[in-house]
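Colleague: structure for the following, please:
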Amino acid sequence: MERRLLLYLLTGLVLLNPSFTAWANSPTFFWVGGFSNNWEDEENWVDMDSGIGNQLPTDIADVMIDGSVSVILSTNFTTGSIQLSGGATLTIAAGATLFTVEGGLNGSHGIRLDQTSPNTGYQAYIDGSKSGPSALIVNGHLIVNDLTDPSVSAPGTGMYILQYTSVTVGSGGSITITNASDEGIKLKGSLVNNGTISINNSSLAAISTSGAVAGSIITNNGMLAISGAAVGLDLGSVHFDNNAPGTVVISDITPGGKLVQGSGQFRNYGTFGGNGTVSSATFKPQPNSTISPGASIGTLTFDSGLDLDGVTLFAEINAPNAYDRLIVQGAVLLDGGTLSFGGTYSPTNGEDYLLVHSTTNGVTDKFSHPTETEPVTLNSTTFNISYTGDLSADVDILVNSTALPVELLSFAAQPKGGAVLLSWATATETNSDYFSVEHSTDGRHFREIGRVAAAGASLEKHDYSFTDFSPHKGLNYYRLDEHDLDGAHAYSPVRSVVLENKNAWSVTPTLAHQAVAIEWQEAPAGKATVEVFNLAGQQAFSLEAPAQTGAIQIPVEGWAPGMYLVVVQHDGLAEAQRFVKE
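Modeller: Reported below is the predicted structural model:
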């Protein structure tokens with residue numbers, strides 16, 4: 001019979017012979033069903049080793065689900081490993097967490113999906129005759145290789161997805177894979193992520209597609225965080241679509257390994273960040289996408305040319321000597337690109353930042369935005385940029401401080417029925433002319449929707465407001481463009497509002513120092529779960545908000561700078577929004 005054997009040392013024998021080892025069996029449980037489709041009903045299970053039914057799998061058991069059956073896990077559960085085959089579907093419901101603690105049926109994979117079961121050692125239960133597209137659906141949480149000793153690697157691959165099988169992560173779901181001795185995920189089938197996937201400390205590639213059908217597509221619409229591996233994404237001939245607002249962050253790759261490689265294409269429509277080297281032949285930046293060096297502060301290298309036309313380079317600055325950098329081992333085209341800033345530091349006049357370097361002196365043109373006359377605001381400091389140094393080799397940005405036409409005290413955006421009320425206040429104004437109110441649906445491309453006259457010259461507080469009566473259904477972004485009488489102007493921080501349904505909510509501010517507020521357009525009738533994750537996929541905050549909660553405050557003052565993802569689950573649905581901790 002095929003069983004996974006757990007290797008252990010017998011203490012007494014080790015004293016006599018340190019090279020002696022022995023093996024211990026783990027029980028194997030099979031889904032017989034017939035009672036319900038609920039994992040937690042013991043009548044659905046049988047221990048194949050003993051033949052005894054009506055008992056749940058143990059916390060070290062190998063679990064086998066075979067045939068055209070649908071199983072739902074609605075509670076927290078721990079087991080050894082799981083194999084889905086013959087068209088079986090396992091759904092981890094929202095709010096439930098499934099833990100696996102060891103390798104698979106042959107000491108290899110934590111989770112395995114097969115079209116047909118390869119296990120024939122239990123002929124009374126599973127004989128390999130059933131065939132079909134097995135599927136794993138994660139609306140809750142799956143933690144693979146939940147080891148008590150983090151220094152121990154689980155055998156084999158964390159998750160093995162064979163041809164004609166699929167894994168789908170819902171918008172509120174997550175998969176965490178830790179310490180796989182081989183790949184984090186070995187993929188020959190389909191993977192669609194709408195939630196969060198974290199892969200940590202894989203001995204080989206974090207995701208490998210060796211043996212997959214050429215031209216297959218991996219789809220990421222959520223967060224994929226990889227930390228520690230020989231290679232980040234080894235795509236082979238498979239394509240990876242990172243769709244907006246999807247984010248991929250890869251760090252701590254073994255020296256000599258690539259963050260992304262393969263003959264397939266990594267098509268970036270969302271945000272890509274990381275420390276290390278990317279294969280330029282594999283990486284295909286798309287219009288309106290973002291490249292963000294570092295997992296926070298760091299250096300991202302492309303091994304040949306890079307075209308930034310239509311692309312935003314997001315650079316964090318945390319100190320004069322601590323900022324993001326992009327290195328291109330070939331030509332880099334800047335025309336049509338946008339340079340955007342974040343981080344905790346406020347640049348001062350005369351400082352310069354070498355943000356882009358071409359090792360072949362192949363820098364062409366300048367960023368289209370911001371221009372050298374277009375003010376930039378970072379941490380309430382406004383400045384212009386200019387280019388200095390060898391422009392063929394480096395994008396060396398010189399900071400030129402400018403004065404704001406107004407001193408902005410506050411700026412807020414709130415839903416009011418089907419409209420959005422914008423309100424702001426100034427402490428002082430010098431030669432101010434007017435406020436241009438701008439709107440965007442993607443946070444990058446803004447258009448003017450109205451103007452409000454300014455006070456002109458004042459040392460007193462002034463309050464202003466503007467109502468957008470035609471907001472977009474879904475996520476709306478707003479900013480103020482403050483103009484003075486001399487023609488100078490400066491942008492305010494961006495505010496966001498969601499208008500979608502009665503449970504729509506917003507995160508303010510999007511650039512946070514001490515706290516962020518989660519506000520519902522209408523207080524939910526039931527409980528809502530609020531979680532915050534960093535770009536490494538680590539949970540930074542979790543709260544179950546009681547029914548009728550209209551708003552909550554999340555303190556972030558002690559958090560590390562960078563981008564965070566807020567996930568709110570309510571009434572079986574999940575939505576995500578982002579903010580940046582400065």
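
Colleague: okay, now the domains of this structure?
Modeller: Here the domain parsing of the chain from automatic domain parsing is 287-400, 406-497, 501-581.

Colleague: dump the ones you listed to a markdown table, plus mean pLDDT.
Modeller: Output for those, formatted as a markdown table (pLDDT from 0 to 100):
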| stretch | mean pLDDT |
| --- | --- |
| domain 287-400 | 90 |
| domain 406-497 | 87 |
| domain 501-581 | 81 |
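
Colleague: show me the contacts for the spatially most central residue of the chain.
Modeller: With distances taken as CA atoms, centre = their mean, residue 223 lies nearest the centre of the chain, 1.9 Å away. Neighbour list for residue 223: 193, 195-197, 246-247, 249, 533, 535, 537, 565 [criterion: CB atoms under 8 Å, 6 or more residues apart in numbering]. For the C-beta atoms, the positions are set from N, CA and C on the backbone; glycine is no exception.

Colleague: ok, which stretches of the stretch 1-150 of the chain are strands?
Modeller: Along the stretch 1-150 of the chain, the stretches classed as strands by DSSP state E, counting those that start in this stretch are 5-8, 22-25, 28-31, 45-47, 62-66, 70-73, 77-79, 81-85, 89-92, 97-100, 111-113, 135-138, 141-144.

Colleague: gap between the third one and the chain center?
Modeller: Centroid displacement of strand 28-31 relative to its chain, using CA atoms, centre = their mean, to the nearest Å, is 34 Å.

Colleague: what do you get for stretch 383-400?
Modeller: Worked out by CA atoms, centre = their mean, stretch 383-400 lies 32 Å from the chain centre.

Colleague: list the buried residues in that stretch.
Modeller: 383-385, 387, 393-400 (16 or more other CB atoms under 10 Å).

Colleague: show me which pair in those is furthest apart.
Modeller: Distance extremes for those: the farthest pair is 383 and 393 at 23.7 Å, using CB to CB.

Colleague: one step back: and of the buried residues of stretch 383-400, the nearest to residue 236?
Modeller: Closest approach between those and residue 236, by CB to CB: residue 395, at 33.5 Å.

Colleague: any figure for the gap between the closest one and residue 304?
Modeller: Distance from residue 395 to residue 304, counting by CB to CB, to the nearest Å: 18 Å.

Colleague: what's the closest non-adjacent residue to residue 425?
Modeller: residue 409 (4.3 Å; CB to CB, 6 or more residues apart in numbering).

Colleague: tally up the residues packed near that neighbour, please.
Modeller: Residue 409: 13 surrounding residues under other CB atoms under 10 Å.

Colleague: packing partners of the host helix or strand of it?
Modeller: Taking DSSP states H and E as the criterion, residue 409 maps to strand 406-416. Applying 3 or more CB pairs under 8 Å, 6 or more residues apart in numbering; DSSP states H and E, we find strand 406-416 packed against strand 419-429, strand 474-484, strand 495-499, strand 505-508.

Colleague: out of the ones you listed, nearest to residue 168?
Modeller: Nearest to residue 168 among those is strand 474-484; the distance by CB to CB comes to 22.4 Å.

Colleague: that closest one to strand 406-416, inter-axis angle?
Modeller: Our comparison of strand 474-484 with strand 406-416, counting by axes from the mean of the first three to the mean of the last three CA atoms, to 10 degrees, yields an angle of 160 degrees.

Colleague: report the buried residues of strand 474-484.
Modeller: Across strand 474-484, burial judged by 16+ other CB under 10 Å covers 475-484.

Colleague: and stretch 466-475, by the same measure?
Modeller: For stretch 466-475, burial by neighbour count (16+ other CB under 10 Å) applies to 466, 468, 471-472, 475.

Colleague: wait, which of those is closest to residue 280?
Modeller: Nearest to residue 280 among the buried residues of stretch 466-475 is residue 475, at 32.0 Å by CB to CB.

Colleague: which residues does residue 341 bridge with?
Modeller: Residues in a beta bridge with residue 341, per DSSP bridges, are residue 315.

Colleague: how many residues are close by it?
Modeller: Residue 341: 23 surrounding residues under other CB under 10 Å.

Colleague: repeat that for residue 461.
Modeller: That count, for residue 461 with other CB under 10 Å as the rule, works out to 12.

Colleague: now swap in residue 423 and tell me
Modeller: By other CB under 10 Å, neighbour count at residue 423 equals 14.

Colleague: that one contacts residue 463, correct?
Modeller: Yes: between residue 423 and residue 463 there is a contact at 7.1 Å, judged by CB atoms under 8 Å.

Colleague: quick one on the thing from earlier: what's across from the residue nearest to the centre of the chain in the sheet?
Modeller: Under DSSP bridges, the beta-bridge partners of residue 223 are residue 196, residue 247.

Colleague: quick check: it vs residue 453, distance?
Modeller: According to CB to CB, residue 223 and residue 453 sit 43 Å apart.

Colleague: cool, and residue 321?
Modeller: Distance of residue 321 to residue 453, computed by CB to CB: 43 Å.

Colleague: what about those two, which has more around it?
Modeller: Neighbour count, other CB under 10 Å: between residue 321 and residue 453, residue 453 has more, with 10 against 6.
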